[in-house]
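Colleague: Below are the sequence and a predicted model for it; my questions follow.
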Amino acid sequence: MASAPRQPDAHAGIHRGVHYSLRQNGAPGYWRYAYAIGEKVHSGRVQGRLALLAIRRVQMRIDREMRNGQTND
């Protein structure tokens, strides 16, 4: 009997020109992420049982950081 296919435990991608990486944490349902905007590196942890949910949450953080980082000169 074949076992169910496993999801990868690491992902990397580009969202709005920002490279990010995502890997599964030791705790089930948590993922570690890292991305850099300019010279500042952001890292942390997101919760998501599914990898696609964790990816979307990291993309939302990137969007928020880019929106908050804009200056109106």
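Modeller: Yes, it's here.
Colleague: What distance do you get for residue 46 to residue 16?
Modeller: 17 Å (Cβ to Cβ, to the nearest Å). Any C-beta I mention is one placed from the backbone N, CA and C, and that applies to glycine too.
Colleague: More neighbours: which of the two?
Modeller: residue 46 (19 against 9; other Cβ atoms under 10 Å).
Colleague: Pull the contacting residues for that one.
Modeller: Going by Cβ atoms under 8 Å, 6 or more residues apart in numbering, residue 46 touches 30-31, 33, 54, 57-58, 61.
Colleague: In the sheet, which residues pair with it? Tell me.
Modeller: Beta bridges link residue 46 to residue 31 when assigned by DSSP bridges.
Colleague: where's the residue nearest the centre of the chain relative to residue 3, distance?
Modeller: Per Cα atoms, centre = their mean, the C-alpha nearest to the average position across the chain is that of residue 58, at 3.5 Å. Taking Cβ to Cβ as the measure, residue 58 falls 28 Å from residue 3.
Colleague: Equivalent analysis for residue 20, please.
Modeller: Between residue 20 and residue 3 the computed distance is 30 Å (Cβ to Cβ).
Colleague: quick one, which of the two is more surrounded?
Modeller: Neighbour tally, residue 20 and residue 3, criterion other Cβ under 10 Å: the higher count belongs to residue 20, 20 against 5.
Colleague: ok, and the closest non-adjacent residue to the more buried one?
Modeller: residue 35 (3.8 Å; Cβ to Cβ, 6 or more residues apart in numbering).
Colleague: swap in residue 15?
Modeller: Per Cβ to Cβ, 6+ apart, closest to residue 15 is residue 59, 4.6 Å.
Colleague: Confirm that the one you found sits in a helix.
Modeller: Yes. The assignment for residue 59 is a helix, going by DSSP: H, G, I helix; E, B strand; the rest coil.
Colleague: and it, how many neighbours?
Modeller: Around residue 59 there are 17 residues (other Cβ under 10 Å).
Colleague: do residue 55 as well
Modeller: Neighbours of residue 55 (other Cβ under 10 Å): 19.
Colleague: need the contact list for residue 22.
Modeller: Contacts of residue 22 by Cβ under 8 Å, 6+ apart are 10-13, 31-33, 51, 54-55, 58.
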